[in-house]
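Engineer: Structural data only, the sequence is not supplied:
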């Protein structure tokens, strides 16, 4: 079993990464392989609606950039975490490109992400996290993925690097998310 986490924050070691690592640590302790992929700050374009993915059905986007590698990682994973900071009450531009392009690729290739686990992780300074959380969950749900819950919405509060560690409820939410993902992955493998 493997879970791949995409960090949509351009801030290395920032609050989004801290929360993703908290979830991944729980998964690793349960014997689940994990990988953290940094997409924040990368030069990846949004979808151009060319629909070549529907014509070719080769699991690749016509735009030749790192997105094809990200999509390959999704296809190989049993679970997908997508983490984002909250920018103007929504996801980062890199996360938006990821969900738009990989979402269309999955649909074009016979909905091949269906029945994988998917969970959003959102860092926020104050407000807007629920909209960002919903944006990512819409990607999971339209792709017929299974979205595990936690003890609260998967968000953590903090502005400066590391401040999310002071959000005890947010960090506990990440640990419970990891526990629920591990439990569900094991049930699905049985």
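Structural biologist: Sure thing, it's come through. It should be emphasised that the depicted structure is a prediction, and the values quoted were computed from it without experimental measurement.
Engineer: Nearest residue to the middle of the protein?
Structural biologist: Closest residue to the average C-alpha location of the chain: residue 82 at 1.2 Å, with CA atoms, centre = their mean.
Engineer: What strands line up against the helix or strand harbouring that residue, and which way round?
Structural biologist: Per DSSP states H and E: residue 82 is located in strand 79-85. As defined by DSSP bridges, the strand partners of strand 79-85 come to strand 2-7 (parallel), strand 117-124 (parallel).
Engineer: Quick check: next helix or strand after the shortest one?
Structural biologist: What that stands for is strand 2-7. As assigned by DSSP H and E, the chain's next helix or strand after strand 2-7 is helix 15-29.
Engineer: which residues touch the helix ranked longest in the chain?
Structural biologist: The longest helix of the chain (DSSP state H) is helix 168-189. With contacts defined as CB atoms under 8 Å, 6 or more residues apart in numbering, helix 168-189 is touched by 1, 3, 19, 22-27, 30, 32, 78-79, 115, 117, 119, 121, 146, 148-158, 164-165. For glycine as for every other residue, the C-beta is placed from the backbone atoms N, C-alpha and C.
Engineer: switch the cut-off to 6 Å
Structural biologist: Helix 168-189 is contacted by residues 1, 19, 22-23, 26-27, 30, 32, 78-79, 117, 119, 148, 150-152, 154, 156-157 when judged by CB atoms under 6 Å, 6 or more residues apart in numbering.
Engineer: partner residues bridging the residue nearest to the centre of the chain?
Structural biologist: residue 6, residue 120.
Engineer: follow-up on the earlier one: tell me the mean pLDDT over the longest helix of the chain?
Structural biologist: Rounded to a whole number, the mean pLDDT of helix 168-189 is 97.
Engineer: So for it, what gets flagged as buried?
Structural biologist: Across helix 168-189, burial judged by 16 or more other CB atoms under 10 Å covers 170-171, 173-174, 176-182, 184-185.
Engineer: what angle sits between that helix and strand 117-124?
Structural biologist: 170 degrees (axes from the mean of the first three to the mean of the last three CA atoms, to 10 degrees).
Engineer: just how off-centre is helix 168-189 within its chain?
Structural biologist: Mean-position distance between helix 168-189 and its chain equals 14 Å (CA atoms, centre = their mean, to the nearest Å).
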